[in-house]
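> A structural model of the following input is requested.
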Amino acid sequence: MSTSVPVPAPATTAPDPSRALLEVRDLRVGFATDAGLVRAVDGVSFDVAAGATLGIVGESGCGKTVTALSIMRLLNQPNQVVRGKVRFRGRDVLGMAGAELRALRGGQVAMVFQDPMTSLNPVTRILAQLTEAMRAHGKRTELEARGRATALLRRMGIAAPERLVASYPHQLSGGMRQRVMLAMGFSNDPSLLIADEPTTALDVTVQAQILALLRELNASFGTAIVLISHNLGVIASLCARLLVMYAGEVVEEGPTAEVLADPRHPYTWALLNAAPTLDGAKARGQRLVTIEGTPPDLLRPPAGCRFQERCPFKIARCAEHPRLDPVGGGGGRMARCWVTQDGGALPRGNGGGAVVSTIGKAAAAPGGAGEGALLRVRQLRKVFPVGRRTMFGARPTMTALDDVDLDVHRGETVGLVGESGSGKSTLARLIVRLQQPTAGTIHFAEHDITHARNRDIRPLRRRMQMIFQDPHSSLNPRMRVGDTLAEPLRLHRLTEGPAATAARVAELLALVGLPASAASKHPHEFSGGQRQRIAIARALAVEPELIVADEPVSSLDVNVQGQIINLLGDLQRRLGLTYLFIAHDLAVVRHISDRVVILYRGQVMETG
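Here you go, the predicted model:
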């Protein structure tokens with residue numbers, strides 16, 4: 001069987017150069033609620049030419065994903081209101097129905113979603129899901145589809161795709177599931193690929209592979225790409241043009257390099273200064289630049305500039321709503337800001353008054369001489385059975401962890417880094433005893449919990465909490481957010497009476513940057529980043545000593561990521577918390593960690 005990805009056939013008819021491949025004009029999307037119409041997208045317009053690359057960035061909840069879903073006509077019908085125009089190759093997408101719409105989706109336009117677990121069928125094997133779209137659009141036979149499925153997975157960096165295709169989604173790591181979704185998006189050689197945070201769950205090496213593949217498809221086969229991401233580095237490496245969205249509007253637009261080098265809207269400026277760096281510019285212990293406050297309520301958006309309440313540069317004219325107008329420099333630079341439209345310039349670097357705050361010198365690294373380890377892991381080993389028993393009775397196994405030693409001292413942060421599939425999440429689950437180790441020992445606060453029964457480990461649950469990588473699967477979809485946060489408070493008797501519980505829930509929501517009104521909503525009513533904030537609030541609810549955080553900021557935009565990193569640092573200093581922090585973003589690990597442990601194929605390669 002061939003392992004190479006078949007080369008897409010060239011288009012039989014050349015596209016009309018006078019017309020963009022995708023045209024979006026004055027797109028307005030609202031959601032009808034009991035309280036009124038929530039204006040999630042408010043007047044967005046842009047073009048994507050054949051073979052072009054467009055990046056869309058912005059805070060979680062700014063309308064990026066709703067814009068993408070509107071283009072694909074994937075919004076729920078009962079409560080959504082869509083106005084404006086969306087045209088693909090001159091055809092009205094909003095007016096399509098039936099076979100025409102089905103032919104567009106997956107055939108000519110494909111979308112890769114942020115949360116792969118909500119897109120993959122949990123009861124269907126990977127191979128069937130990969131071949132389904134190819135067979136449904138009649139582009140390949142069953143045999144050809146099977147060969148292309150394994151070839152695509154190998155292209156996505158999966159070493160043994162023949163074995164993986166027999167798995168179910170829950171048997172894969174978050175990064176593996178995202179690679180499957182990317183392979184599914186590429187399966188029918190689409191003319192336009194809309195990728196919503198496609199590299200969020202991927203480690204840096206696989207992220208580089210995926211970006212290289214996207215560049216190759218774009219350069220060689222003319223696949224136009226709309227890339228939604230909160231990672232400005234990812235956007236800069238792939239996209240020629242950039243849209244910055246805030247509160248449902250486009251606030252800045254222009255060539256990517258120019259926007260990132262010289263932002264013309266205060267929101268873009270703040271995003272650029274919010275991310276940690278690998279060059280040491282933001283030392284450990286220094287608070288990251290973040291945007292104070294929360295985005296406006298889109299149920300009743302303000303009459304003036306929607307960013308003015310959070311803007312350090314606001315002027316009196318900001319009480320009027322600005323248009324998206326050209327700003328100097330050419331190249332199609334546009335900004336929705338009275339300051340820069342009037343010829344003003346934003347400062348270079350981290351200026352901006354109230355936006356910047358520091359905490360002075362970093363605290364001394366904890367866990368020094370004489371202090372015992374809060375968590376001590378010795379020769380930990382985990383072996384998983386894979387496949388079925390052979391005729392001789394043996395069953396194939398996979399070693400996920402192999403003789404891992406790890407110490408985490410009180411009050412310190414240990415960063416755990418490694419490629420997807422290296423065993424990071426397995427180690428986290430063993431530490432909090434969600435899985436049973438095959439061999440080795442785990443001691444937490446001098447308690448041997450290696451083989452502790454549930455009734456013995458239950459009293460320790462309050463003292464050790466875990467934040468999962470996938471917030472959608474860790475939050476009960478039938479429970480309101482307020483009930484989810486109140487449940488551990490009542491279970492551990494941390495509050496007395498409904499009023500005290502409600503007050504604590506509101507406090508937790510405020511800690512992670514969500515309004516108190518979020519307590520009355522269900523998880524599906526939030527974006528991916530907002531759901532992750534809820535998961536973090538739940539872990540903080542019981543004030544634990546140890547938090548095992550499995551990619552806690554991977555799905556967050558740079559501003560919220562900065563807020564969460566600052567929050568974790570504040571809580572650590574105030575409450576003496578201890579973190580085992582799993583991440584693939586090396587800049588984040590460098591900023592937050594006292595020590596780093598490198599895992600590769602289940603073994604510790606380096607620590608220090």
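
> identify the residues contacting stretch 58-70?
Here stretch 58-70 makes contact (C-beta atoms under 8 Å, 6 or more residues apart in numbering) with 24, 27, 29, 40-42, 44, 56-57, 75, 82, 86, 111, 114, 194, 196, 226, 228, 230, 244-249, 295, 526-530, 556-557, 559-560. (Each C-beta comes from the backbone N, C-alpha and C, glycine too.)

> take those and keep only those in helices.
Among the contacts of stretch 58-70, the members falling in helices are 528-530, 559-560 (criterion: DSSP state H).

> if I look at Q530, how far off is A539?
15 Å (C-beta to C-beta, to the nearest Å).

> what do you get for A183?
With the distance defined as C-beta to C-beta, A183 ends up 33 Å from A539.

> neighbour count for these two, which is higher?
A183 (26 against 21; other C-beta atoms under 10 Å).

> tell me the secondary structure of the more buried one, please.
Assigned with DSSP: H, G, I helix; E, B strand; the rest coil, A183 falls in the helix class.

> how about it: what's its closest non-neighbour residue?
Nearest non-adjacent residue to A183, counting by C-beta to C-beta, 6 or more residues apart in numbering: L152, 3.9 Å away.

> give me the number of residues near V327?
For V327, the neighbour count with other C-beta under 10 Å is 22.

> ok, now which ones touch it?
Residues counted as contacts of V327 (C-beta under 8 Å, 6+ apart) are 264, 333-335, 337, 340-341.

> strands - which of those residues land there?
Under the assignment DSSP state E, the contacts of V327 contribute 334-335 to strands.

> what subset of the contacts of V327 is buried?
Neighbour-count burial (16 or more other C-beta atoms under 10 Å) applied to the contacts of V327 gives 264, 333-335, 337, 340-341.

> from the residues you listed, pick the one nearest Q308.
Distance to Q308, by C-beta to C-beta, is smallest for C337 among the buried ones among the contacts of V327, at 10.0 Å.

> can you tell me how far that closest one is from M245?
Look at C337 and M245: by C-beta to C-beta, they are 14 Å apart.

> would you list the buried ones among the contacts of V327 in a markdown table and tack on pLDDT?
A markdown table is the format used below for the buried ones among the contacts of V327 (pLDDT from 0 to 100):
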| residue | pLDDT |
| --- | --- |
| R264 | 93 |
| R333 | 91 |
| M334 | 93 |
| A335 | 94 |
| C337 | 94 |
| T340 | 90 |
| Q341 | 87 |
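
> now, which of these sits nearest P498?
Nearest to P498 among the buried ones among the contacts of V327: C337, at 45.0 Å, using C-beta to C-beta.

> please list all residues in contact with that closest one.
Residues in contact with C337 (C-beta under 8 Å, 6+ apart) are 251-252, 264-266, 305, 322, 327.

> change it to 10 Å
By C-beta atoms under 10 Å, 6 or more residues apart in numbering, the contact list for C337 reads 251-252, 263-269, 305, 307, 311, 313-315, 318, 322, 324-325, 327, 344, 346.

> show the buried residues in the residues you listed.
Listed as buried from those are 251-252, 263-269, 305, 307, 311, 313-314, 318, 322, 324, 327, 346; burial here means 16+ other C-beta under 10 Å.

> state the pLDDT value of the residue lying closest to F526 once chain neighbours are set aside.
In this structure, F526 finds its nearest non-sequential neighbour in I534, 7.0 Å apart by C-beta to C-beta, 6+ apart. According to the prediction, I534 has pLDDT 90.

> quick one: which helix or strand includes I534?
Per DSSP states H and E, I534 falls inside helix 528-540.

> for the helix or strand just after that helix, list the C-alpha coordinates in CSV.
Using DSSP H and E, the helix or strand that follows helix 528-540 in sequence is strand 546-550. Taking Å, rounded to 0.1, in the frame of the first residue of the first chain, the C-alpha atoms of strand 546-550 are listed here in CSV:
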residue,chain,number,x,y,z
LEU,A,546,-1.8,20.5,44.4
ILE,A,547,-3.3,21.2,41.0
VAL,A,548,-2.4,18.9,38.1
ALA,A,549,-3.0,21.1,35.1
ASP,A,550,-3.2,19.3,31.7
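
> how far out from the middle of the chain is strand 546-550?
Distance of strand 546-550 from the chain centroid (C-alpha atoms, centre = their mean, to the nearest Å) equals 18 Å.

> again, but for stretch 459-479
From the chain centre to the centre of stretch 459-479 is a distance of 17 Å (C-alpha atoms, centre = their mean).

> pull up the distance across that stretch, start to finish.
Counting by C-alpha to C-alpha, to the nearest Å, you get 24 Å between the two ends of stretch 459-479.

> pLDDT (mean, whole number) over it?
Averaging pLDDT along stretch 459-479 gives 85.

> buried stuff in the helix holding I534?
With burial defined by 16+ other C-beta under 10 Å, the residues of helix 528-540 counted as buried are 528-540.

> same deal with stretch 138-146?
Quick answer for stretch 138-146 (16+ other C-beta under 10 Å): 139-140, 145-146.

> just those residues: which are in helices?
Among the buried residues of stretch 138-146, the members falling in helices are 145-146 (criterion: DSSP H).

> so which residues of the stretch 1-150 of the chain form helices?
Ranges of helices in the stretch 1-150 of the chain, per DSSP state H, counting those that start in this stretch, are 64-71, 98-104, 116-119, 126-136, 142-155.

> got it, and the stretch 151-300 of the chain?
Under the criterion DSSP H, counting those that start in this stretch, the stretch 151-300 of the chain contains helices at 161-164, 174-186, 204-221, 232-238, 256-261, 266-272.
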